[in-house]
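Participant: this is a predicted model, with the sequence first.
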Amino acid sequence: MIALGRLATRVALAVALPAALLAAWWFASAGSTDFYRPPLSRILVAFRDTWFGPRLVDDVLPSLARLGLGYGVALLLGVALGAAIGASGRLRAALEPVLEFVRAIPPPVLVPILILVAGIGDTMKVLVIVSGCLWPILLNTVEGVRGVDEVLADTCRSYRIRGAGRLWHLVLRSASPQIVTGARQALSIGIILMVISEMFAASSGLGFTIVQFQRGFAIPEMWSGVLLLGLLGVALSLAFRGVEHLVLGWYHGLRSVQRER
Amino acid sequence: MTLRVSGLSKVYDGHGRRVEAIGELTFDVAGGDFVCVVGPSGCGKTTLLRCIAGLMPPTAGTVLVDGTPVTGPPPGLAVVFQEYGRSLFPWLRVRDNVELPLRAAGLARAQRRERVAAALHAVGLGDADRAYPWQLSGGMQQRVAIARAIAYRPRVLLMDEPFAAVDAQTRADLEDLIRSVWRRLGVTLLFVTHDIDEAVYLGQRVIMLSAAPTTVAEDLDVDLPDERDQLTTRGDPRFTELRARVYAQIRKAQGRSAQLRQPHTGEAGDRA
């Protein structure tokens, strides 16, 4: 009962502010005749009409597929390169200045360059997402791999745990808290780049559609697109938390035990 | 499985400071023996153990495990470290921690399960197999590390001050546990400790080390009966005699180290 009560309190706390903001928006905009700031009721109608139809398949899904692909490639590449760089002091010394330089470039400025290289198709959009998501994952993985405990490494050596077993059970698992931190940063960067890459040169996608609405003065529809992006962000971050709970359950448990002692 | 350490020395050289951790060590451990190594703090006990385990190359000399020179971690050798909290994988449950070396060794699933269950049962953790190590007390964590070593069925087991960080009662329990494990498995056991009572209580032999640069100060046979018990063995007049003898030897070594320390570190001066 107590646990249930706590859960109810937490849900109420999480929902309270969004509900209050929506209510404020609803009442403040209720009688609005301003063309650019339509009432929330009209935006919600536009939301239903716009997104629960062919646009879901034509625009939302392609956007999400490009995000998923770009994010997935960045994750694989970042963890693989990060593990290699983190494990070798020499490689790290040689690459670190370059990595810091590349990381400092805001990914959106790469869009024009990537258009030149990869055209304006899906490849370019996926590459933009990869080029932005890669760095936080890579640099955090490097830090995580460097921090492998020496006693644990000795334990692996003396039990002759080597190769893939060592990589998985020692290196990647002990770096997993940092990898997850990098992946979380990369996810929000990925969502931003998904939209931006579609604003430059595209014929489908969320970013493209929102810009189209804005240019065609379909203002309630434009607002509804922004609302949808926000909701997608919330859904993705909830999904991320679920995965994190699975991957890092041990870490949160360990941390809470260490805090008690 | 015999263990032969001959002419072993280790010099740490770095940052303009040369530290001779091990001067020259030579000793043998016959197959199936339980030998304790004691010495004053800072005498290079851990360095010796790491050289034997193949985790660190000696500066000179050799370690032979069953006639084969050690150049890296040898097969059939397990180490139990003092820092149990850092030698267990916090992301693996207890049974997976015990199982991992067996997986790396390529054992079949059924065989692994059987060994893991038997090893956990032997250390009294049969029903903690699904817990994570950090959910257990320090003594229980060290039991998990011992179970992992048992399941691996090593022919040589090295223990580096394994009970230094647990409370006195747990320590006594773990000492009896390790005695019974040793007698059942017939493993060659080298046990490093700074605790004189523990060394005499556990070993068939006690090797006393001098202060750095380390040599063997004395090699003492412990002629106590094989059946040992915390109350009667520790109350045995012979135990008290042996203990006093080891204690005197360690004191002597510490005195010498205080005298030696000054000129010894002085060598660093001309290199800096």
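Facilitator: Nice, I can see it.
Participant: how about residues contacting stretch B:109-129?
Facilitator: B:93-95, B:98-99, B:102-103, B:107, B:136, B:140, B:143-144, B:146-148, B:150-151, B:153, B:177, B:181, B:184 (C-beta atoms under 8 Å, 6 or more residues apart in numbering or on different chains). (Each C-beta comes from the backbone N, C-alpha and C, glycine too.)
Participant: switch the cut-off to 6 Å
Facilitator: Under the contact criterion C-beta atoms under 6 Å, 6 or more residues apart in numbering or on different chains, stretch B:109-129 has outside partners B:94-95, B:98-99, B:102, B:143, B:146-147, B:150-151.
Participant: and if you look at stretch B:60-71?
Facilitator: So stretch B:60-71 is in contact with B:1, B:3-9, B:52, B:54, B:74, going by C-beta under 6 Å, 6+ apart.
Participant: quick one on the thing from earlier: got the contacts of stretch B:109-129 as CSV, with pLDDT and distance to B:F34 columns?
Facilitator: Converted to CSV, the contacts of stretch B:109-129 look like this (pLDDT from 0 to 100; distance: C-beta to C-beta, whole Å):
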residue, pLDDT, distance to B:F34
B:V94, 96, 26
B:R95, 95, 28
B:V98, 96, 23
B:E99, 96, 27
B:L102, 96, 24
B:R143, 93, 19
B:I146, 94, 14
B:A147, 95, 19
B:I150, 93, 15
B:A151, 95, 20
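Participant: quick one: which of those is nearest chain A?
Facilitator: B:L102 (9.1 Å; C-beta to the nearest C-beta).
Participant: and that closest one, how many neighbours?
Facilitator: 22 (other C-beta atoms under 10 Å in any protein chain shown).
Participant: is it fair to say it lies in a helix?
Facilitator: Yes. Assessed with DSSP: H, G, I helix; E, B strand; the rest coil, B:L102 lies in a helix.
Participant: measure how far stretch B:116-128 is from the centre of its chain, please.
Facilitator: Here stretch B:116-128 is found 22 Å from its chain centre; the criterion is C-alpha atoms, centre = their mean, to the nearest Å.
Participant: for it, buried residues please.
Facilitator: B:116, B:119-120, B:122-123, B:125, B:128 (16 or more other C-beta atoms under 10 Å in any protein chain shown).
Participant: rewinding a little: restricted to helices, list the contacts of stretch B:109-129.
Facilitator: B:94-95, B:98-99, B:102, B:143, B:146-147, B:150-151 (DSSP state H).
Participant: restricted to helices, list the buried residues of stretch B:116-128.
Facilitator: Counting by DSSP H, these contribute B:116, B:119-120, B:122 to helices.
Participant: helix or strand: which one has B:L64?
Facilitator: strand B:60-65 (DSSP states H and E).
Participant: what's the ChimeraX line that selects buried ones from the ones in helices among the contacts of stretch B:109-129?
Facilitator: Restricted to buried positions by 16+ other C-beta under 10 Å, the ChimeraX selection for the ones in helices among the contacts of stretch B:109-129 reads:
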select /B:94,95,98,99,102,143,146,147,150,151
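Participant: just send the ones in helices among the contacts of stretch B:109-129 back as TSV, with distance to chain A too.
Facilitator: TSV is the format used below for these (distance: C-beta to the nearest C-beta, whole Å):
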residue	distance to chain A
B:V94	12
B:R95	14
B:V98	11
B:E99	11
B:L102	9
B:R143	16
B:I146	13
B:A147	13
B:I150	13
B:A151	11
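Participant: what about the residue nearest to B:D96 when sequence neighbours are not counted, neighbour count?
Facilitator: Excluding the flanking residues, the one nearest B:D96 by C-beta to C-beta, 6 or more residues apart in numbering or on different chains is B:F89, at 7.5 Å. B:F89 sits with 21 neighbouring residues when counted by other C-beta under 10 Å.
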